[in-house]
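S.K.: Sequence and predicted structure are below.
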There are 2 protein chains.
Amino acid sequence: MTNFTFTLHATDGTARTGTIATARGEIRTPAFMPVGTAGTVKAMLPESVRETGADIILGNTYHLMLRPGAERLAKLGGLHKLMNWPRPILTDSGGFQVMSLAQLRKLDEQGVSFQSHIDGTTHKLTPERSMEIQALIGSDIHMAFDECTPFPASESEAETSMELSMRWARRSKAAFREAPGRALFGIVQGSVYPKLRERSAHALKEIGFPGYAVGGLAVGEGQHRMFEVLDFTVPHLPTDRPRYLMGVGKPDDIVGAVLRGIDMFDCVLPTRSGRNGQAFTKRGPVNLKNARHAEDSRPLEADCRCPACRQYSRAYLHHLVKSDEILASMLITWHNLTHYQDLTASLREAITQKRLAEHAASLLASYASGDIEPQ
Amino acid sequence: MTNFTFTLHATDGTARTGTIATARGEIRTPAFMPVGTAGTVKAMLPESVRETGADIILGNTYHLMLRPGAERLAKLGGLHKLMNWPRPILTDSGGFQVMSLAQLRKLDEQGVSFQSHIDGTTHKLTPERSMEIQALIGSDIHMAFDECTPFPASESEAETSMELSMRWARRSKAAFREAPGRALFGIVQGSVYPKLRERSAHALKEIGFPGYAVGGLAVGEGQHRMFEVLDFTVPHLPTDRPRYLMGVGKPDDIVGAVLRGIDMFDCVLPTRSGRNGQAFTKRGPVNLKNARHAEDSRPLEADCRCPACRQYSRAYLHHLVKSDEILASMLITWHNLTHYQDLTASLREAITQKRLAEHAASLLASYASGDIEPQ
């Protein structure tokens, strides 16, 4: 059993590359974590997820506590065993999904009561119960229970919400079940307000966490404002702890956030888009439903190592998407996850070689070129 | 390029085991052909289909002519290349699916006019067009264009229908595009009437085909009557040509039909059931939706070589089915196709060792035992 550690290997400006060690293996940063909402990265075998290069995946506390249920999961040996993913897993706190239930939940100082979207049964999530559930799931990185401040929020709404999250962060740490190589991350809130973000970061540092997340972003504020928030928030985070930008994002969001010192990401985009016929490529997003692919015998990307690109044509992927075939979801998800992993690998390499600015500019120009190459 | 040949290796009573050679590889008989309706065996990568032990898959002319279209398929290099399945493919004639359109089709001596279920466009299938399409698809075994006689049918209805099919069989053979190692099979019709089946078999033998299918079964007549039809039909088929029972069936249907001299099968059951949470096992069908699996950490079948059984528990498969996860379809389809391939492999071995009766009795007793083993 290793302790949870974070080792920085190189920096390039504000950007960094390093390794997080957990009891279940190492995570190379900057890292993208595929989302395995309900105990499966949708449409993927776990060994295929690993093949794309993923070191860690994310599980959703809200979904897992409802089905199969936290106590049942523990009885079955935990999530790693159940889903055949022996490597690190990060779980969110359940807060984000519960808040989005809108009509179905009630928030007070204690926590949040809500009704299951599956069967209408009533549940309560508190910092203490969230810590208990994440331990029952058996994840390697737990997240503090917080309120994801809605956007937009006035400064005083954002302050009230952030202060609640800070009280919950303290309770989360007190209730956290220690285990070798396991960590609890705090989450900075404060919406788009510099002073609130600063206060939140300092409050969390006072409590003390082995990793810090930036929450409350990618909720509609737009990329420009998200980058602004990172610009004035990241400097308040310790340099020797991993920084995780929750729920982000598109490839160009990731490039911009890595430039601003972020180490970890998660997002449903590559998997969800994969099920909707949208592929991420070096020339930007490609909608495979589009009729122009119908007789295109070229691979989606000639230099991609994924099976969708190595073994099939755009015409075939188009046919599968049009025919609503499960294989479309399987292949395009596989491609998208490969794209994200190859992106973070290239960012790690560029940071090591101190040429990130140049590499980032080249990536962004390529994404912006659009899917316009002639047949 | 090999010629299309059928070599018998051993017989046990009426049952036989042998090898069909095509230009794209060999088919060990008795053979089960997974159905790849629209250019994909649903929820499976083609390399995984091969791993289950499949030597040949089936493609549906009706679906493929509508999408992506036969001429487009040819332009893209044919179905094998498009879907990355280099081994043999059998195509049906399109007749069966077109007939099932009921309100949307019109049949005359020439063929069948029908409207696409996708976009309402009008199409016509004739023996000549069916042969052209199957050649454009590039399949290795083509099927004669016929009318699948509805069940029930009076003897005179069945006679009229069978005679039309025999005239179409002659036209199919005349229009068949010869290619090295490619074959056209005739299809015996005649419903449940011994004299009609005999006349149909003789008519086809007069035309002359390298393989013979028994059609018009598995359409609601029940297993008992289906076996009766095989009992009085198979003796009229040549012993030196493969015999294919179309659209069959459940594992016990296959056992009974192999005992009666059938060499080839196709059926959507293992794939379709796989998407509905039903698994085929040695102890009979298992409905993984059932709540009794929720905390069962045993594999679906301890001695099965498929990934669903080697790497996951019944509890996990149950969770995936309940959560409507694509991975449920992927894993249970994989298991079911493995079950069918291991079944036909065991039948081939039992025939070689002249112990088929004993093996069949043991299989049927095991299926009938039910999924009742204690936890």
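M.R.: That came in fine, so what should we check first?
S.K.: how many neighbours does A:Ser297 have?
M.R.: Per other C-beta atoms under 10 Å in any protein chain shown, the neighbour tally for A:Ser297 reads 15. (C-beta placed from N, C-alpha, C; glycine too.)
S.K.: A:Asp303 now?
M.R.: 8.
S.K.: Can you tell me whether I have it right that it is in a strand?
M.R.: No. According to DSSP: H, G, I helix; E, B strand; the rest coil, A:Asp303 belongs to no strand; its state is coil.
S.K.: got a list of what it touches?
M.R.: Contacts for A:Asp303 (C-beta atoms under 8 Å, 6 or more residues apart in numbering or on different chains) come out as none.
S.K.: pLDDT at it, what is it?
M.R.: Predicted confidence (pLDDT) for A:Asp303: 96.
S.K.: A:Met1 now?
M.R.: A:Met1 is assigned 53 on the pLDDT scale.
S.K.: The one 10 residues further on now?
M.R.: We have a pLDDT of 98 for A:Thr11.
S.K.: How about the secondary structure of it?
M.R.: Assigned with three-state DSSP, A:Thr11 falls in the strand class.
S.K.: Go ahead and confirm it touches A:Thr352.
M.R.: No. In this structure A:Thr11 lies outside contact range of A:Thr352 using C-beta atoms under 8 Å: 9.7 Å.
S.K.: who touches both of those two?
M.R.: With C-beta under 8 Å, 6+ apart, A:Thr11 and A:Thr352 have common neighbours A:Thr17.
S.K.: Enumerate every residue touching A:Ile89.
M.R.: Contacts of A:Ile89 by C-beta under 8 Å, 6+ apart are A:24, A:36, A:56-59, A:79-80, A:137-141.
S.K.: Where does pLDDT dip in chain A?
M.R.: In the predicted model of chain A, residues A:1-2, A:371-375 satisfy pLDDT under 70.
S.K.: related to what we said a few turns ago, show the buried residues in the contacts of A:Ile89.
M.R.: A:24, A:36, A:56-59, A:79-80, A:137-141 (16 or more other C-beta atoms under 10 Å in any protein chain shown).
S.K.: Among these, which lie within strands?
M.R.: In strands, judged by DSSP state E, the following of the buried ones among the contacts of A:Ile89 are found: A:57-59, A:141.
S.K.: And the residue of the stretch 101-250 of chain A that's closest to chain B?
M.R.: A:Ile118 (9.0 Å; C-beta to the nearest C-beta).
S.K.: What is the burial count for A:Gly95?
M.R.: Using other C-beta under 10 Å, A:Gly95 is surrounded by 26 other residues.
S.K.: what do you get for A:Arg167?
M.R.: Counted with other C-beta under 10 Å, residues neighbouring A:Arg167 total 13.
S.K.: Need the phi and psi values for it.
M.R.: The phi and psi values for A:Arg167, taken as degrees, to the nearest 10, are phi -60, psi -40.
S.K.: List the contacts of it.
M.R.: A:Glu109.
S.K.: From A:Thr233, how far out is it?
M.R.: Separation of A:Arg167 from A:Thr233 (C-beta to C-beta, to the nearest Å) stands at 20 Å.
S.K.: now do A:Leu204
M.R.: Taking C-beta to C-beta, one finds A:Leu204 at 11 Å from A:Thr233.
S.K.: Run the angle between the longest helix along chain A and helix B:326-352 for me.
M.R.: Secondary structure assigned by DSSP state H gives helix A:326-352 as the longest helix of chain A. Counting by axes from the mean of the first three to the mean of the last three C-alpha atoms, to 10 degrees, helix A:326-352 points 120 degrees away from the direction of helix B:326-352.
S.K.: next helix or strand past helix A:326-352?
M.R.: Sequence order places helix A:356-369 as the next helix or strand after helix A:326-352, per DSSP states H and E.
S.K.: how far does that next one sit from the chain's center?
M.R.: Distance, stretch centre to chain centre, for helix A:356-369: 22 Å (C-alpha atoms, centre = their mean, to the nearest Å).
S.K.: do the same with stretch A:142-151
M.R.: Its chain's average C-alpha position is 14 Å from that of stretch A:142-151, according to C-alpha atoms, centre = their mean.
S.K.: Now do the end-to-end distance for it.
M.R.: Taking C-alpha to C-alpha, to the nearest Å, stretch A:142-151 runs 24 Å from one end to the other.
S.K.: can you tell if the longest helix of chain A touches chain B?
M.R.: Yes. Using C-beta under 8 Å from any C-beta of the partner chain, helix A:326-352 comes into contact with chain B via A:326-327, A:329-330.
S.K.: circling back: if we check chain B, which of the contacts of A:Ile89 are in contact?
M.R.: The subset of these within reach of chain B, by C-beta under 8 Å from any C-beta, is empty.
S.K.: Just say helix, strand or coil for the closest residue to chain B within the stretch 151-300 of chain A.
M.R.: Going by C-beta to the nearest C-beta, chain B is nearest to A:Ser297 of the stretch 151-300 of chain A, at 5.7 Å. Put simply, A:Ser297 is coil when judged by three-state DSSP.
S.K.: Apart from its chain neighbours, what residue comes closest to it?
M.R.: Nearest non-adjacent residue to A:Ser297, counting by C-beta to C-beta, 6 or more residues apart in numbering or on different chains: A:Ser313, 4.6 Å away.
S.K.: wait, what's in contact with the one you found?
M.R.: With contact taken as C-beta under 8 Å, 6+ apart, A:Ser313 is in contact with A:296-299, B:76, B:82.
S.K.: Okay, angle between the longest helix of chain A and helix A:356-369 too, please.
M.R.: 150 degrees.
S.K.: Spell out which residues of the stretch 51-200 of chain A are next to chain B.
M.R.: Residues of the stretch 51-200 of chain A lying close to chain B (C-beta under 8 Å from any C-beta) are A:67-68, A:72, A:75-77, A:82-84.
S.K.: and the nearest residue to A:Glu128 once chain neighbours are set aside, backbone torsions?
M.R.: Once flanking residues are discounted, A:Glu128 sits nearest to A:Ala175: 4.3 Å by C-beta to C-beta, 6+ apart. A:Ala175 adopts backbone torsions of phi -90, psi -10, taken as degrees, to the nearest 10.
S.K.: and A:Ala175, how many neighbours does it have?
M.R.: Neighbour number of A:Ala175 under other C-beta under 10 Å is 20.
S.K.: how far is stretch A:22-37 from where the chain is centred?
M.R.: 9 Å.
S.K.: now the end-to-end length of it.
M.R.: Criterion C-alpha to C-alpha; first-to-last residue distance in stretch A:22-37 is 21 Å.
S.K.: and the stretch 201-350 of chain A, which residues reach chain B?
M.R.: Neighbours of chain B within the stretch 201-350 of chain A, by C-beta under 8 Å from any C-beta: A:275, A:294-295, A:297, A:307, A:311-313, A:315-316, A:319-320, A:322-323, A:325-327, A:329-330.
S.K.: What subset of the residues you listed is buried?
M.R.: Among those, the ones that count as buried by 16+ other C-beta under 10 Å are A:275, A:294-295, A:307, A:312-313, A:315-316, A:319-320, A:322-323, A:325-327, A:329-330.
S.K.: Okay, buried residues for stretch A:289-299 please.
M.R.: Going by neighbour count (16+ other C-beta under 10 Å), the buried part of stretch A:289-299 is A:293-296, A:299.
S.K.: quick one: stretch A:226-238 to chain centroid distance?
M.R.: 18 Å.
S.K.: Would you indicate which residues of it are buried?
M.R.: Buried, per 16+ other C-beta under 10 Å, within stretch A:226-238: A:226, A:229-230, A:233-234, A:236-238.
S.K.: Which residues does it contact?
M.R.: Residues outside stretch A:226-238 that contact it (C-beta under 8 Å, 6+ apart) are A:14, A:188, A:190, A:192, A:194, A:197-198, A:201-202, A:205, A:212, A:214, A:217-218, A:221, A:243, A:245, A:248-249, A:253, A:256-257, A:260-262.
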